[in-house]
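J.: Whatever this is, show me its structure:
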Amino acid sequence: MKASDWKVLVVEDESDSMELVQGLLAHHGIPSIEARTGEEALKILRSQMPTLILIDLALPGMDGWTLLKRIRQNEALANVPRVAITAYHTAELAARAIDEGFDAYFAKPLDATSFVRELQTIVGV
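T.: Numbers count the residues shown, from 1 in each chain. Next comes the predicted model:
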């Protein structure tokens, strides 16, 4: 799958972080859709099927953990990789994210040189 065939849903409430993530994806020719809240992400997911979902864990309202649970309850989204992103990194949090069903975990600030390469591995390209 070519990068331009991807569709990444980025769920992030911080404008700077959203700009950085979307900029990194765009630099590699990867299209993205933005959602600022978990509720907005669920609305988007009712009509669009992404290649990958990037979820900030500390969202206002519905947090990233709750959003993950809601996504996992939807059989149509079962095979869509889900990636946690957080500024509140600890080793325990990383382990919990994987245990609870995220396919990968990234601490902010993101490493621009490896972020997209690791996403490509997750997607399987």
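J.: Near Val125, how many other residues are there?
T.: Using other C-beta atoms under 10 Å, Val125 has 12 neighbouring residues. The way it works is simple: take the backbone N, C-alpha and C, and place the C-beta from them, glycine included.
J.: Point to the residue nearest the middle of the chain.
T.: Against the mean C-alpha coordinate of the chain, by C-alpha atoms, centre = their mean, the closest residue is Leu54 at 0.4 Å.
J.: What strand or helix carries it?
T.: Assigned by DSSP states H and E, Leu54 belongs to strand 52-56.
J.: average model confidence for the following helix or strand past that strand?
T.: Next along the chain after strand 52-56, taking DSSP H and E as the criterion, comes helix 64-72. Mean pLDDT, helix 64-72: 96.
J.: helices and strands around helix 64-72, which ones?
T.: helix 38-45, strand 52-56, strand 82-86 (3 or more C-beta pairs under 8 Å, 6 or more residues apart in numbering; DSSP states H and E).
J.: With that, I have no additional questions.
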